[in-house]
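*Asks:* Sequence first, predicted coordinates after that:
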Amino acid sequence: MEQVFPKRNKGLTGQTIRLIAIGTMLCDHIWVTIAHEYTWLTYIGRIAFPLFAFLLVEGFYHTSSRSNYLLRLLAFAAISEIPFNLMRSGRFGDPKYQNVLWTLALGLLAIMVIHFVKSKLDNVVVTGIATVAVATFTMYVADSLLTDYYGFGVLTILLFYTMRNLRYAKLGHLLGMILINVVWMSGASVSLLLLGQTVSFPLQSFALVALLFIWKYNGTRGTDNWILQYASYAFYPVHMLILGLLALYGVTLG
């Protein structure tokens, strides 16, 4: 089995990719709350989720305790729900949409179960059936709970998990991301003037840009300690609370 992301000095560390993910997410959330006229911010924002999905899979392999990793996600998902509601709808409670940490937690749970089955059974057919069953169930739960990115978010996580260390992983990444983001999650479209012609394509297509950063991953975590780790988690609810309050009080950019 060929290692797609062998450890090397050049390229991007996991910490650098995390900072890019946080920055692009912030752009999208600024657009959602106080900068509606700057639509290019949400174009940039499409890059964030695939980066978080990729980092989740890498974290699964590098963490010292997978169960604690899952519990951390669930704890911060619960903490982040009110700030998320405030940011999205201006209300403290909103059952229509749940924050992305629930999606990440479901994705992590899915790969934990699949990995456990693979470690216990040396049968490609059985593990394949189990993978499909777990993927279907967790995607259904994400859709039912209306978590951010729905079942497609879980599927993106499973894409990076199943492609990890395969010889043609990058091709799998590209085809999978096109299928998920361009075909299935097409949604809103973007029209740009290119060479005198108006070209329209799905907004979610910008998510493919994330692959340029993922493919530069050098296989190392970079500067990482418990302070940075929890600061990254805390940034999620804190920035949403601030942006939500700014929007609530009518602050706008532009």
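*Replies:* Arrived safely.

*Asks:* okay, CA-based contacts and neighbour counts for the rest of this
*Replies:* Noted.

*Asks:* Give me the buried stretch members for stretch 58-68, please.
*Replies:* For stretch 58-68, the neighbour count (16 or more other C-alpha atoms under 10 Å) marks 58-60, 66 as buried.

*Asks:* Which ones among the residues you listed lie within strands?
*Replies:* With DSSP state E as the criterion, strands contain none of the buried residues of stretch 58-68.

*Asks:* Among those, which one sits closest to residue 178?
*Replies:* residue 58 (21.5 Å; C-alpha to C-alpha).

*Asks:* Check the spacing between the closest one and residue 135 real quick.
*Replies:* Using C-alpha to C-alpha, to the nearest Å, residue 58 is found at 18 Å from residue 135.

*Asks:* swap in residue 33?
*Replies:* Noted for residue 33: a distance of 33 Å to residue 135, by C-alpha to C-alpha.

*Asks:* quick one, strands of the stretch 151-254 of the chain?
*Replies:* Remark: strands assigned in the stretch 151-254 of the chain by DSSP state E, counting those that start in this stretch are 189-194, 197-202.

*Asks:* which parts of the helix-or-strand element of the chain with minimal mean pLDDT are buried?
*Replies:* None of the helices or strands of the chain scores lower by mean pLDDT, DSSP states H and E than strand 189-194, at a mean of 80. By neighbour count on 16+ other C-alpha under 10 Å, the buried set for strand 189-194 is residue 190.

*Asks:* Could you name the helices and strands sitting against it?
*Replies:* On a contact count with 3 or more C-alpha pairs under 8 Å, 6 or more residues apart in numbering; DSSP states H and E, strand 189-194 meets strand 197-202.

*Asks:* Could you list the buried residues of the strand it packs on?
*Replies:* For strand 197-202, burial by neighbour count (16+ other C-alpha under 10 Å) applies to residue 202.

*Asks:* And stretch 128-136, by the same measure?
*Replies:* Across stretch 128-136, burial judged by 16+ other C-alpha under 10 Å covers 130-131, 134-135.

*Asks:* any idea of the mean pLDDT for that stretch?
*Replies:* Computed over stretch 128-136, the mean pLDDT rounds to 96.

*Asks:* Please apply the same query to stretch 79-91.
*Replies:* Average pLDDT, stretch 79-91: 95.

*Asks:* Can you tell me how far residue 125 is from residue 251?
*Replies:* Noted for residue 125: a distance of 56 Å to residue 251, by C-alpha to C-alpha.

*Asks:* no no, residue 13
*Replies:* Residue 13 sits 36 Å away from residue 251, going by C-alpha to C-alpha.

*Asks:* Those two: which is more packed in?
*Replies:* residue 13 (21 against 13; other C-alpha atoms under 10 Å).

*Asks:* pretty sure the more buried one is touching residue 220, no?
*Replies:* Yes: if you go by C-alpha atoms under 8 Å, residue 13 and residue 220 touch, sitting 5.3 Å apart.
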